[in-house]
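J.: Just the structure for this:
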Amino acid sequence: MSAKISPLAGKPATETQPVDVAALLAAYHDLKPDPSVPEQKVAFGTSGHRGSSLDRSFNEWHVLAVVQAICDYRAQVGVDGPVFIGIDTHALSAPAFESTLEVLAANGVTTQVSAGGEFTPTPAVSHAILVYNRGRESGLADGIVITPSHNPPESGGIKYNPPHGGPADTDATGWIAARANALIEGGLREVRRMPFAQARKAATTHEYDFLQRYVGDLGNVLDLEIVRANGVRMGVDPLGGAGVHYWSAIAERYGIDLTVVSETVDPTFSFMSLDWDGRVRMDPSSSYAMQRLIGLKDRFDVAFACDTDHDRHGVVAPSCGLMQANHYLATAAWYLFQNRPGWRADAAVGKTAVSTALLDRVAGHLGRPLREVPVGFKYFVSGLYDGSLGFGCEESAGASFLSEDGSPWSTDKDGIVAALLAGEMTARVGKDPGRIYADITALLGNPANARIDAPANHAQKAKLSRLAPEQVTSTTLAGDAVVEVTNKAGGQSIGGIKVISANGWFAARPSGTEDIYKVYGESFRGEEHLQAILAEAQAMVDRALAD
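T.: Here you go, the predicted structure:
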């Protein structure tokens, strides 16, 4: 079960057959899920329910059932304010939006939809919820975002953000998924719905200018004036995603030198380069998927990209090309905690269990507490909401941080502010983020880290998620004594296993969105030692899955 890099990796997506958008849309309406098949049931991963209409894992029935379940959940917990709706550029997002509005309107739920049909990034929805709820005790708003994130063009997805603005926790998603599956099993008889044209004109449906509201508030979370004053030349590739029109508005509003390299929106995403497995995937942390922007690195002082719903980021620095996600996250934490005097003195550095241990060293050096959590941005929500967490990040290039005054900005991942922060730090420090990272590692140690993705079916993923520490019998890891084997972080399950030695670690866990498992590894003894860790890690996981 070893991951193999496709010979097409990094090549133009035009070298493969594009997704058949017409077939995809037809399948959304025509195919129905079989509730007796696990892969066709509603299941919320780390961020919502995702799938494809072609394999009956994301169809009209799923969306109708999920949205009715959200309406039922809101009634049960007493949330009765407006629902802010976000939508990305995947082909399945448009019909899923229609299904969503049909159910919300029929249930008499007030909705805020994007003015003029503009696409809406995840962080714009989170920010809108927080702004609306500020100072309110009742009538609180929440949100629905229609997106499968960076996943391939045939994918669809829907997620729920409660009044705290961030991803829903497992109590909420478990209830919503169970209710949705019951509705599907009941033939959707309990789903309330009206025709889309009627729902669009309903008295409960309102337009909200997400773009201008979000862009207008950016000066509260970033110092864009120093970017403008220093003339930092920036480039951005929206990767055909939901923020495609946000960037030019940001450049105009703040007078910054920001070039949008492409505003093309194409549901086949044929302008991409192919990812590691030869598939189209809008992953800004993948050097294979980011070939277009990497090729332009010398045109700018710093450049960046975001995934399809703009909750993830990738940063390209002239000094080093595309920065590894872990490298940029450590650099961002290092910079932020030295340049945000308005934050609480005890505000913590937040990281997931599979993020770099360099963040531990950064926190220690700066005298900041470290908060390590399982994979899933939902574990950062409470800290970002109350200001006890200054910065929260996960290895897959997702991060968010507080406004300059220490108030919450977005309790969901925000790829836009994480990307623009690269411009701010370049302006203030006078070095691109790659050079700043080099300075950090010269002081605190230079870790080598990597992630391997390997195929795993539904049953194997379930087995890996239940792996117990005692099932890992190895006492050494790449020549070092194992000091800890755990399946928890911050007292909660990580949905996999983590093995730690004095000089390195690995963690293995199933993907919540794709038929793969992920092995994360890191070594403070160099690349050769890292490869030994990864090889032993994969062998350990394969043995455990074979038992």
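J.: in stretch 251-260, what counts as buried?
T.: For stretch 251-260, burial by neighbour count (16 or more other C-beta atoms under 10 Å) applies to 251, 254, 256-260. Yep, even glycine has a C-beta here, placed from its N, CA and C like the rest.
J.: Tell me where the stretch 151-300 of the chain has strands.
T.: Listed in chain order, the strands of the stretch 151-300 of the chain (DSSP state E, counting those that start in this stretch) span 155-161, 205-208, 234-237, 258-260.
J.: Could you point out which of those strands sits nearest V429?
T.: strand 234-237 (14.9 Å; C-beta to C-beta).
J.: Could you list the residues in contact with that closest one?
T.: With contact meaning C-beta atoms under 8 Å, 6 or more residues apart in numbering, strand 234-237 is reached by 227, 247, 256-262, 290, 292-293, 296, 299-306, 316, 419-420, 422-423.
J.: could you redo the last one with a cut-off of 6 Å?
T.: Around strand 234-237, the neighbours that count as contacts under C-beta atoms under 6 Å, 6 or more residues apart in numbering are 247, 258-261, 293, 296, 300, 302-305, 423.
J.: Restrict those to the buried ones and give me that as a ChimeraX selection.
T.: To isolate the buried subset of those in ChimeraX, counting by 16+ other C-beta under 10 Å, use the following:
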select :247,258,259,260,261,293,300,302,303,304,305,423
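J.: closest to D275 among the buried residues of stretch 251-260?
T.: D275 lies nearest to V260 out of these, by C-beta to C-beta, at 22.5 Å.
J.: Most tightly packed of the strands of the stretch 151-300 of the chain?
T.: Using mean count of other C-beta atoms under 10 Å, the stretch among the strands of the stretch 151-300 of the chain with the largest mean neighbour count is strand 155-161, at a mean of 27.
J.: I'd like to know which elements the longest helix seen in the chain is packed against.
T.: Longest helix in the chain, counting residues (DSSP state H): helix 527-546. Secondary-structure packing of helix 527-546 (3 or more C-beta pairs under 6 Å, 6 or more residues apart in numbering; DSSP states H and E): strand 448-455, strand 504-510, strand 516-523.
J.: Please spell out which residues along that helix are buried.
T.: Neighbour-count burial for helix 527-546, counted by 16+ other C-beta under 10 Å, picks out 529-530, 532-534, 536-538, 540-542, 544-545.
J.: hmm, back to that, and E394, which of the strands of the stretch 151-300 of the chain is closest to it?
T.: Proximity to E394 (C-beta to C-beta) singles out strand 155-161 among the strands of the stretch 151-300 of the chain, at 15.4 Å.
J.: centre of the chain versus the closest one, how much separation?
T.: Mean-position distance between strand 155-161 and its chain equals 12 Å (C-alpha atoms, centre = their mean, to the nearest Å).
J.: likewise stretch 297-305?
T.: Distance of stretch 297-305 from its chain centroid, counting by C-alpha atoms, centre = their mean, is 22 Å.
J.: Over to stretch 21-40?
T.: Here stretch 21-40 is found 25 Å from its chain centre; the criterion is C-alpha atoms, centre = their mean.
J.: Flag every buried residue along it.
T.: So stretch 21-40, judged by 16+ other C-beta under 10 Å, has buried residues 24-25, 27-28, 31, 33, 35, 40.
J.: And for stretch 265-283?
T.: 267-283.
J.: and these, which of them are in helices?
T.: If you go by DSSP H, the buried residues of stretch 265-283 have nothing in helices.
J.: can you redo the helices and strands packed on helix 527-546 as TSV with mean pLDDT, distance to D20 and mean neighbour count?
T.: TSV is the format used below for the helices and strands packed on helix 527-546 (pLDDT from 0 to 100; distance: least, C-beta to C-beta, whole Å; neighbours: other C-beta atoms under 10 Å):
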stretch	mean pLDDT	distance to D20	mean neighbour count
strand 448-455	86	24	18
strand 504-510	93	29	26
strand 516-523	92	24	25
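J.: Compile those into CSV and extend it with columns for distance to H310.
T.: Shown next, in CSV, are these (distance: least, C-beta to C-beta, whole Å):
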stretch, distance to H310
strand 448-455, 22
strand 504-510, 25
strand 516-523, 22
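J.: sorry, back to before: which member of the contacts of strand 234-237 is positioned nearest Y437?
T.: When the contacts of strand 234-237 are compared against Y437 (criterion: C-beta to C-beta), the nearest one is V302, at 12.4 Å.
J.: Spit out the contact partners of that closest one.
T.: By C-beta under 6 Å, 6+ apart, the contact set of V302 is 234, 317, 422-423, 426, 432.
J.: quick one: which of these sit in strands?
T.: Using DSSP state E, the subset of the contacts of V302 located in strands is 234, 317.
J.: Alpha carbons of the helix or strand encompassing A459, in CSV - could you do that?
T.: Secondary structure assigned from DSSP states H and E places A459 in helix 458-465. Output in CSV follows, covering the C-alpha atoms of helix 458-465 (Å, rounded to 0.1, in the frame of the first residue of the first chain):
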residue,chain,number,x,y,z
HIS,A,458,-13.6,2.3,3.8
ALA,A,459,-13.0,-0.7,6.1
GLN,A,460,-9.2,0.0,6.3
LYS,A,461,-9.8,3.6,7.1
ALA,A,462,-12.2,2.6,9.9
LYS,A,463,-9.6,0.1,11.3
LEU,A,464,-6.8,2.7,11.3
SER,A,465,-9.0,5.3,13.1
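J.: what's the angle between that helix and strand 448-455?
T.: Orientation of helix 458-465 against strand 448-455 (axes from the mean of the first three to the mean of the last three C-alpha atoms, to 10 degrees) gives an angle of 140 degrees.
J.: so where do the helices sit in the stretch 251-400 of the chain?
T.: Along the stretch 251-400 of the chain, counting by DSSP state H, counting those that start in this stretch, helices occupy 291-294, 325-336, 358-366, 381-386.
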